[in-house]
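[1] Return a 3D structure for these sequence lines:
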Amino acid sequence: MRSHVVPIVFLALIAVPIFGQSNDVAVWIGRSRVGTTNTSGASVHFDRGDSFGASWNHFFSAQLSTELAAFAVRHKGGTLRVGGVDAFDVGRLRMIPITAMVQWHLVHFQRIDPHLGGGLAYVRSDSLHTSDLDAAGIGRVRVESRIGWAADAGLMYGITDRLGVGVDARYIGYRPSSGPSNASLKLQLSPVIYSLGLRWRF
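    Residues are numbered from 1 along each chain as shown. Alright, predicted model coming up:
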């Protein structure tokens, strides 16, 4: 448990605000897609997933800010394909990506606010487990939690001085090892999360 807490605390410290400047909080809903892992004539594929998240953005100037965000991502279906045919149901993929990024805003205090950002991410994943995996003698498959990098691009539209709506797309470099140590497989997940959000400035 301690190994999971340390990266989260480290990422949180990156986005600690300096009081007296502008801050935004936002909630997000959206969709997620992850990559397909190909190995030795087989592939691991996950369907598109759903996401829900929240973010806190602190502005040091009209153009520079730091953002701390966390998302809950769930991909309902995953399959192991052999020769293009679904062989095993590998179950649901659940991830919690936590990102800490520096963002550059073109015109933050205007009604339309586009931005670009980059930074670090810590992703924690649940294990994969289905009856198909049990029947194959594989059992529960552990998916490694790890730190990677992140990038995003988005656009906010101010309805009022404090309330706004926005769109956001973020990429998270996440290629975790899975399975037992003597037969581990590196999953090429690297989720891309597309979101619609509601923002409040204070």
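[2] all helices for the chain, in order.
    In the chain, the helices defined using DSSP state H lie at 2-14, 131-135.
[3] lowest-confidence stretch among the ones you listed?
    Looking at these, the lowest mean pLDDT belongs to helix 2-14 (a mean of 51).
[4] center of this protein - which residue?
    Against the mean C-alpha coordinate of the chain, by C-alpha atoms, centre = their mean, the closest residue is Pro97 at 3.9 Å.
[5] Report the contact partners of that residue.
    70-71, 73, 121-123, 150, 172, 174, 191, 193 (C-beta atoms under 8 Å, 6 or more residues apart in numbering). Heads up, the C-betas are built off the backbone N, CA and C, glycines and all.
[6] So it versus Phe60, what's the distance?
    As judged by C-beta to C-beta, to the nearest Å, Pro97 and Phe60 stand 24 Å apart.
[7] And Val25, by the same measure?
    As for Val25, its distance to Phe60 is 17 Å (criterion: C-beta to C-beta).
[8] swap in Val82?
    If you measure Val82 against Phe60 using C-beta to C-beta, the figure is 52 Å.
[9] now Val85
    When distance is defined by C-beta to C-beta, Val85 is 54 Å away from Phe60.
[10] More neighbours: those two, which one.
    For Val85 versus Phe60, the count of surrounding residues by other C-beta atoms under 10 Å is larger for Phe60: 13 against 7.
[11] excluding its backbone neighbours, what's nearest the residue nearest to the centre of the chain?
    What sits nearest to Pro97 in space, not counting adjacent residues and going by C-beta to C-beta, 6 or more residues apart in numbering, is Val123, at 4.7 Å.
[12] which residues sit in contact with the one you found?
    95-98, 145-148, 172, 174, 176.
[13] What of Val34?
    Val34 neighbours (C-beta under 8 Å, 6+ apart): 46, 49, 75, 93, 189-192.
[14] Same question for Val73.
    32, 49-51, 93-97, 191, 193.
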